[in-house]
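Asker: Take a look and give me a structure for this.
(one chain, ligands or ions: 2)
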Amino acid sequence: MRTAYCVETVRAAERELMARLPEGALMQRAAAGLAAVCADVLGRVTGARIVLLVGSGDNGGDALYAGARLARRGAGVRAVLLAPDRAHSAGLAALRAAGGRVAEDPYGALRAADLVLDGITGIGGHGGLRPDAVELVRATLGTDAVMVAVDLPSGVEADTGEVRGEAVRADVTVTFGTYKPGLLIDPARDYAGAVRLVEIGLELPPTADAEALQYRDVAGLLPVPDAESDKYRRGVVGVVAGSARYPGAAVLAVAGALRGGAGAVRYVGPAADAVIARFPETLVHQGPPGKAGRVQSWVVGPGLGDSGRDFLDEVIAEDVPVLVDADGLRLLDAARVRSRTAPTLLTPHAGEAAALLGVAREQVEAARLASVRALAEKYGATVLLKGSTTLVVGPHPESPVRVNPTGTPWLATAGSGDVLSGLAGALLAAGLEPLDAASVAAYLHGLAARHASRGAPVIASEVAAALPAAWRDIRDVLRD
Ligand SMILES: NC(=O)C1=CN([C@@H]2O[C@H](COP(=O)(O)OP(=O)(O)OC[C@H]3O[C@@H](n4cnc5c(N)ncnc54)[C@H](OP(=O)(O)O)[C@@H]3O)[C@@H](O)[C@H]2O)[C@@H](O)CC1
Ligand SMILES: [K+]
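Answerer: Ligands and ions are numbered 1, 2, ... in the order given. Next up is the predicted model:
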């Protein structure tokens, strides 16, 4: 599991560690790791032209000490001090002692740089870059210099991934001790480039603030049938989806459920002919959901249209896990969801989330973490917010947010959400907790899209068809 911790927790761990270490030792660890990554990126340090953008806090101190290390190895290092009277004095002295200098012509130095170290702000920064910093950072655009951010790209919010104004766009971010949530969550994640973690010995609490499943975690969670399994042990999913206008949504949700390992899929709705034509293994039911036979989880909403309200109400009243997506979300009553005893999983995209929260879509996109938490609280449900970085949170406000690392922009295609809902529904039916079902589904879905796409446009039914390949990929790690 890749984990990330908020600033408050990082600072507490830092204080505790600092009390046990000689003065300045922690910053030296950070600077040593930072300099090593810079050397790696440069290939050859001797003769390299390096510019340090140095803010008024310890983030600037890290940059100065790393600059000193690189200067000792033969690099030409120039520091641009954004607040000369508040720059880290010991760091600056170390840089000077190593042969580095304060830049006399900052813009000239930036134009000629091979590498720029962004030490303007780290975890102490708030709000976007200030105007003087904006000007300097703009001067690096269009040059060949590699931008390496110290701890975080300056201008992003460490805890939330929000970007309130301008921020540094890094090629590489060297972060210390732990990932910060902003390095995993868009839009900030997109500013970080490749992230390298430098261990500095922080002892962090067992529960993280954000976490991203890795192959091995997903492999451990995937339900795998054994010799005793029958369709009920594997899980029977009920799908209430589709309408005369959108029969395809039903087909795609059923595809996701079948490829998600369901023992059986029961389909309820007006698109039975289309579903059977494509997937004859589906059990279709003509009456209301309550009479469809045994179901271990329901998926309701894709392509349902307005006419599905009665079916939605009936499904919500069932005492099994229910996933609500798309049109189902619009028709949903928060109080009814909150009063359910079995788990509920909601899977909105940003537009649907915005409608449910009564805000603009842009607001959800700019504050994805706050939005998904607000929805989880409003509905007392687990919520998966689709998007560039899909987020999943449980109803408990203290639980970590799960960030999906496998997304790809090719997934932004009609019907891909329907596949995801069927897939997550199958995992719920197999008995996974909603947080696991949703995050494993997002992971598989992203991986399947990558398989199907390989850099070219992909359509939703191909994503569903590529799920077995993604599944095999993941199970392969268990053989290592
Ligand atoms: N914690 C750890 O484990 C370790 C931490 N380490 C390092 O320390 C860093 C944290 O250092 P930090 O606390 O000194 O804060 P930092 O990020 O340098 O910025 C604060 C300064 O910036 C200023 N400022 C604020 N917003 C601004 C803006 N938008 N634009 C411009 N300026 C802005 C603000 O000044 P003011 O608002 O008063 O003008 C304040 O002076 C951390 O990220 C890591 O690199 C490692 O060395 C070792 C392990
Ligand atoms: K920085």
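Asker: Going by C-alpha atoms from here, please, whenever you check contacts or count neighbours.
Answerer: Will do.
Asker: give me the beta-bridge partners of the residue nearest the centre of the chain?
Answerer: Nearest residue to the geometric centre of the chain (C-alpha atoms, centre = their mean): V403, 3.2 Å. Listed by DSSP bridges, the beta-bridge partners for V403 are L391.
Asker: Need the nearest residue in space to H126, chain neighbours excluded.
Answerer: Spatially, and ignoring its direct neighbours in sequence, H126 is nearest to E157 (6.5 Å; C-alpha to C-alpha, 6 or more residues apart in numbering).
Asker: Hmm, G182 and the one you found touching each other?
Answerer: Yes. The pair E157 / G182 is scored as a contact, 6.2 Å apart, by C-alpha atoms under 8 Å.
Asker: who's in contact with the residue nearest to the centre of the chain?
Answerer: Counting by C-alpha atoms under 8 Å, 6 or more residues apart in numbering, V403 makes contact with 184-185, 210-213, 389-392, 439.
Asker: And D476, what's its pLDDT?
Answerer: D476 carries a pLDDT value of 87.
Asker: and the residue nearest to the centre of the chain, how far is that from ligand 2?
Answerer: 22 Å (C-alpha to the ion, to the nearest Å).
Asker: again with A87
Answerer: 14 Å.
Asker: Show the backbone phi and psi for the closest residue to that residue other than its chain neighbours.
Answerer: What sits nearest to A87 in space, not counting adjacent residues and going by C-alpha to C-alpha, 6+ apart, is S56, at 4.9 Å. Note on S56: backbone dihedrals following degrees, to the nearest 10 are phi -90, psi 0.
Asker: so who does S56 touch?
Answerer: So S56 contacts 82-84, 86-88, 120-121 (C-alpha under 8 Å, 6+ apart).
Asker: Tell me the predicted confidence for the residue nearest to the centre of the chain.
Answerer: On the pLDDT scale, V403 gets 98.
Asker: P205 now?
Answerer: At P205, pLDDT is 97.
Asker: Could you give the number of residues near it?
Answerer: P205 has 11 neighbours, counted by other C-alpha atoms under 10 Å.
Asker: do the same with E362
Answerer: 12.
Asker: now swap in T9 and tell me
Answerer: 15.
Asker: hmm, back to that, and the residue nearest to A87, how far from ligand 2?
Answerer: The value you get for S56 to ligand 2, if C-alpha to the ion is used, is 11 Å.
Asker: Also A112?
Answerer: In terms of C-alpha to the ion, A112 sits 21 Å off from ligand 2.
Asker: Return the residues in contact with the nearest residue to that residue once chain neighbours are set aside.
Answerer: Leaving out its chain neighbours, the residue that sits closest to A112 by C-alpha to C-alpha, 6+ apart is R49, at 7.2 Å. Going by C-alpha under 8 Å, 6+ apart, R49 touches 75-77, 112-115.
Asker: cutoff 6 Å now
Answerer: Contact analysis of R49 by C-alpha atoms under 6 Å, 6 or more residues apart in numbering lists 76, 113-114.
Asker: Same question for T160.
Answerer: So T160 contacts G182 (C-alpha under 6 Å, 6+ apart).
Asker: How about the residue lying farthest from the centre of the chain, nearest residue that isn't a chain neighbour?
Answerer: Relative to the mean C-alpha coordinate of the chain, counting by C-alpha atoms, centre = their mean, the farthest residue is A97 (42.1 Å). Spatial nearest neighbour of A97, excluding adjacent residues (C-alpha to C-alpha, 6+ apart): A68 at 7.8 Å.
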